[in-house]
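Q: All I have is the shape, not the residue letters:
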């Protein structure tokens, strides 16, 4: 059965810009109210995101917090309770992306990456579940945003990949543990957002080896999020949004 999203409430972590913003806007187009979480995004960027969401007819409320700390997670969920009083959707999108080979990773870098990419989604999940179960009827949808490192070794991004593999495991355990009222799924984006400094021509050329022969967009990921929110018989799934790139990876 297709879930009606109008007037639901979502927390999208890291939603002030990039993929997180695209997800927030796509949910807002479906009538979902958004808790806009950000950490270090400039205030003007955050205000623009809030304005864009509200222009779609949804409510939006911004909260600045460092989710690598329990105090930051507490701050976000206190804001949800105060401003909305309920929660239906959690999208764990915020992450860091540090390039390091395994033997070059320091303990501080390891701890920071796992705190942001794995511990924060774990803590957000624990805090979200009671709010979701308090809905009438009890319901909730959690979507974790992974990447290539979730599913295959990524030596140039050693600790990042390990954290994302852990996030996938968290999704699977959560899906097995939180039914029947809460569904948990994972999205694995491919090349959907051009890194800064990469020429557009090179970006498009790199995608020619993929089956669809083109890069994707942040909106492709956002539409996948909405799909998983609406389909109530999907849990524990891993949805690749990568133009088939995984089919050509050796």
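A: Good, I have the coordinates. Everything numeric in this text was worked out from a predicted model, so none of it was measured.

Q: Ramachandran coordinates for residue 35?
A: The phi/psi pair for residue 35 (degrees, to the nearest 10) reads phi -90, psi 110.

Q: Pretty sure it sits against residue 76.
A: Yes - using Cβ atoms under 8 Å, residue 35 is in contact with residue 76, at 7.1 Å. Yep, even glycine has a C-beta here, placed from its N, CA and C like the rest.

Q: contacting residues around residue 118?
A: Each residue near residue 118 by Cβ atoms under 8 Å, 6 or more residues apart in numbering is listed here: 163, 166-167, 170.

Q: where does it fall, helix, sheet strand or coil?
A: helix (DSSP: H, G, I helix; E, B strand; the rest coil).

Q: Which pLDDT value goes with the residue lying closest to residue 97 once chain neighbours are set aside?
A: Closest residue in space to residue 97, ignoring its immediate chain neighbours: residue 160 at 6.0 Å, by Cβ to Cβ, 6 or more residues apart in numbering. Note for residue 160: predicted pLDDT of 95.

Q: Average pLDDT for the longest strand seen in the chain, rounded please.
A: In the chain, with assignment by DSSP state E, the single longest strand is strand 182-189. For strand 182-189, mean pLDDT rounds to 97.

Q: The helix or strand following that strand: how far from the chain's middle?
A: Downstream of strand 182-189, the first helix or strand assigned by DSSP states H and E is helix 200-206. Its chain's C-alpha centre and that of helix 200-206 lie 25 Å apart, by Cα atoms, centre = their mean, to the nearest Å.
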